[in-house]
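# got a sequence here, can you model it:
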Amino acid sequence: MISEYLGIDSDYIILGLAALLLVLFILTIINIVQMRKLKKGYRVFMSGKNAKNLEDTLIERLHQVDTLIASNRENSDNIQTLFENMQHTYQKMGLIKYDAFHEMGGKLSFSLAMLDVKNNGFIINAMHTREGCYTYIKEIVDGNSIIVLSEEEQEALKRAMGKTE
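Predicted coordinates for the structure are as follows:
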């Protein structure tokens, strides 16, 4: 009756259904094996813990992550503040010791150049004599001085700017 209606022999229909049944049986076995592996992994994951402990652990880890993110943001802000402050500090130094009057000896006189990142700052020149010590300061703007610099002061300025030979 079915074979007359469809125009296909019933033996082929039975063989097709048997093949389909076999494929479904194999898929069921594969599914069962995978479920056992999943259950085994779940048991290992949950061993010694109940759902409440696991939830507490996850909440604690999320709180730690939030704390680390906030800490990282604070550190970045602090680094930026330090960087901005460093632009206004004296970062470069050049020191030349010399004997102002050759009869004194000991190189007790000195020229000290202190510059910031933009080569702005000052030069202190201290000249030691028998009568005392005289100190002079000269302003440096963009690596230059309005007042004429002595040879020692020029050398201290070159050293501070990193232009030594």
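# the helix or strand encompassing K97: what's the following helix or strand?
Applying DSSP states H and E as the criterion places K97 in strand 92-98. With elements assigned by DSSP H and E, the helix or strand that comes after strand 92-98 is strand 109-115.
# that next one pairs with which strands, parallel or anti?
Take DSSP bridges as the rule and strand 109-115 pairs in its sheet with strand 92-98 (antiparallel), strand 121-128 (antiparallel).
# and the helices in this protein?
2-6, 10-46, 51-86, 151-160 (DSSP state H).
# and the last one, how far out from the chain's middle?
When you say that, I think you mean helix 151-160. Using CA atoms, centre = their mean, to the nearest Å, the mean C-alpha position of helix 151-160 is found 37 Å from that of the whole chain.
# quick one: contacts of that helix?
In this structure, residues lying in contact with helix 151-160 by CB atoms under 8 Å, 6 or more residues apart in numbering are 92-96, 98, 109-115, 121, 123, 125, 138, 140, 143, 145, 149, 164. Quick note: C-beta positions are derived from backbone N, CA and C, even for glycine.
# centre-most residue in the chain?
Residue closest to the average C-alpha location in the chain (CA atoms, centre = their mean): S76, at 8.7 Å.
# got the domain ranges for this protein?
Domain assignment for the chain by automatic domain parsing gives 10-84, 92-160.
# pick the most buried one from the ones you listed.
domain 92-160 (a mean of 16; mean count of other CB atoms under 10 Å).
# just the terminal-to-terminal distance for that domain.
Domain 92-160 stretches 5 Å from its first residue to its last (CA to CA, to the nearest Å).
# again, but for stretch 142-162
14 Å.
# mean confidence (pLDDT) on that stretch, please.
For stretch 142-162, mean pLDDT is 92.
# same thing with stretch 23-40?
In the prediction, stretch 23-40 has an average pLDDT of 96.
# related to what we said a few turns ago, let me have the strands paired with strand 109-115 in CSV, adding mean pLDDT and distance to K158 as columns.
Formatted as CSV, these follow (pLDDT from 0 to 100; distance: least, CB to CB, whole Å):
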stretch, mean pLDDT, distance to K158
strand 92-98, 93, 7
strand 121-128, 94, 11
